[in-house]
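In: from the sequence below, what's the structure:
(4 chains)
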Protein chains: 2
Amino acid sequence: MAKLDDTDRQLLMLLQEDDRQALAVLSEKIGVAVSTINDRIKRLVRTGMISGFHARIAPEAIGLDLLAFIMVSWSNPKVEAIFLERVKASPDVLECHHITGAWNYLLKVRVGTTRDLERFLTETIKAVDGVERTETLITLSTTKETWSVRV
Amino acid sequence: MAKLDDTDRQLLMLLQEDDRQALAVLSEKIGVAVSTINDRIKRLVRTGMISGFHARIAPEAIGLDLLAFIMVSWSNPKVEAIFLERVKASPDVLECHHITGAWNYLLKVRVGTTRDLERFLTETIKAVDGVERTETLITLSTTKETWSVRV
DNA sequence: ATTGAAACCGAGCGTCC
DNA sequence: GGACGCTCGGTTTCAAT
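Out: Model prediction:
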């Protein structure tokens, strides 16, 4: 974990908001030369601080209207490997976290309709032998969903 | 919700994985002219299918080692407005969803250490008058965390 | 004084329009 | 094809030793 100076921090803030600003614009905003901006971005990528550049798709604009969080648990530890396999392969699953508490895993899932969600639950989750319980929290509305972290 | 043809879909897939590919590369992969790629991207942005281009920061690389999901509830409906205000203003909160089930809201929160989490809970969440219960699920490990949706 | 790292400058070139 | 913006060498500055 290399340390960041103020230029790096400002750059990260600006790029996580919008990575398509011209180097000249970034140079202007931060107050260093264009080539410096270029060097810094390259370094941030090389050192792994920036892990990628991604277009963000508006989910509802393409018909992905249902967001759900699904908590899953089992008692046989052998279940985990198969479960993770399935989950990684499924494009419906955006996130998969091993969590503390009463449940083993928390999934963030985005699909089109409740029918898709039902299909996901039966064909992807409950199809894994040994999965004992699930609880699904449906998102009614989303107030905030940002990819920008404090830097 | 405009309809997408196959070119749009391929383009969205490629750009959400990596938005810095040259138009010529995209043209090659999809098999249409460079100018078409350019037009399509512009249209996808204009129509709101693409809502932005963002550099992704590796959270652990900058010391954000703790990810938590916090469920919150209250009984007085007047609490909601103040709660959302605080949550929107907090850089620790990445997501805030109104959910079904026993809880009112689900938050996704990223901070440095357990101390920061404690401070967040006391100063941001429990400081909201009327918040009655919270439950925090700490993420032990993350198997999958993608921004790419099925298109 | 010497060295190394980082910032700056400008010309060349690739990319976009 | 023309223009813009990025890239990448060389050069300079600055800090630390």
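In: let me see the contact set for the nearest residue to A:V151 once chain neighbours are set aside.
Out: Among residues not flanking A:V151 along the chain, A:L12 sits closest, at 4.6 Å (C-beta to C-beta, 6 or more residues apart in numbering or on different chains). The way it works is simple: take the backbone N, C-alpha and C, and place the C-beta from them, glycine included. Residues in contact with A:L12 (C-beta atoms under 8 Å, 6 or more residues apart in numbering or on different chains) are A:4, A:44, A:49-50, A:151, B:55, B:57, B:62.
In: which stretches of chain A form helices?
Out: Here chain A has its helices, by DSSP state H, at A:6-17, A:23-30, A:34-46, A:79-89, A:114-120.
In: so what does the shortest one touch, helix or strand wise?
Out: Contacting helix A:114-120 under the criterion 3 or more C-beta pairs under 8 Å, 6 or more residues apart in numbering or on different chains; DSSP states H and E are the following elements: strand A:66-74, strand A:105-111.
In: which one of those strands lies nearest to B:G31?
Out: strand A:105-111 (28.6 Å; C-beta to C-beta).
In: what helices and strands are in contact with the closest one?
Out: By 3+ C-beta pairs under 8 Å, 6+ apart, strand A:105-111 packs against strand A:66-74, helix A:79-89, strand A:93-99, helix A:114-120.
In: hmm, back to that, which of the helices and strands packed on helix A:114-120 sits closest to B:H98?
Out: Smallest distance to B:H98 across these (C-beta to C-beta): 10.6 Å, for strand A:66-74.
In: for the closest one, buried residues please.
Out: With burial defined by 16 or more other C-beta atoms under 10 Å in any protein chain shown, the residues of strand A:66-74 counted as buried are A:66-72, A:74.
In: before we move on, back to that, mind putting the helices of chain A into CSV with mean pLDDT and distance to DNA strand D?
Out: Shown next, in CSV, are these (pLDDT from 0 to 100; distance: least, C-beta to the nearest atom of the strand, whole Å):
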stretch, mean pLDDT, distance to DNA strand D
helix A:6-17, 95, 12
helix A:23-30, 92, 4
helix A:34-46, 93, 3
helix A:79-89, 98, 32
helix A:114-120, 98, 40
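In: export the ones you listed as JSON lines, with columns for distance to B:N104.
Out: Shown next, in JSON lines, are the helices of chain A (distance: least, C-beta to C-beta, whole Å):
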{"stretch": "helix A:6-17", "distance to B:N104": "29"}
{"stretch": "helix A:23-30", "distance to B:N104": "39"}
{"stretch": "helix A:34-46", "distance to B:N104": "38"}
{"stretch": "helix A:79-89", "distance to B:N104": "27"}
{"stretch": "helix A:114-120", "distance to B:N104": "21"}
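In: out of the ones you listed, deepest packed?
Out: Mean neighbour count (mean count of other C-beta atoms under 10 Å in any protein chain shown) peaks for helix A:6-17 among these, with a mean of 18.
In: and that helix with DNA strand C, contact?
Out: Yes: using C-beta under 7 Å from any atom of the strand, helix A:6-17 reaches DNA strand C at A:T7.
In: any idea how far the longest strand belonging to chain A is from the chain center?
Out: Longest strand in chain A, counting residues (DSSP state E): strand A:131-145. Computed by C-alpha atoms, centre = their mean, to the nearest Å, the chain-centroid distance of strand A:131-145 equals 15 Å.
In: ok, is it in contact with chain B or not?
Out: Yes: judged by C-beta under 8 Å from any C-beta of the partner chain, strand A:131-145 comes into contact with chain B at A:135, A:137-145.
In: quick check on the residues you listed: which are buried?
Out: A:137-139, A:143-144.
In: okay, A:M1: pLDDT?
Out: You'll see A:M1 listed with a pLDDT of 54.
In: next, the contact list for the residue lying closest to A:L140 once chain neighbours are set aside, please.
Out: Nearest non-adjacent residue to A:L140, counting by C-beta to C-beta, 6+ apart: B:H98, 4.5 Å away. B:H98 makes contact with A:139-143, B:104-105, according to C-beta under 8 Å, 6+ apart.
In: likewise A:D92?
Out: A:109-111, A:116, A:120, A:124, B:150.
In: could you do A:Q16 as well?
Out: Contacts of A:Q16 by C-beta under 8 Å, 6+ apart are A:147-149, A:151, B:54-57.
In: just those residues: which are in strands?
Out: B:54-57.
In: per-residue pLDDT, A:T139?
Out: So A:T139 comes in at 98 (pLDDT).
In: list the beta-bridge partners for it.
Out: B:I99 (DSSP bridges).
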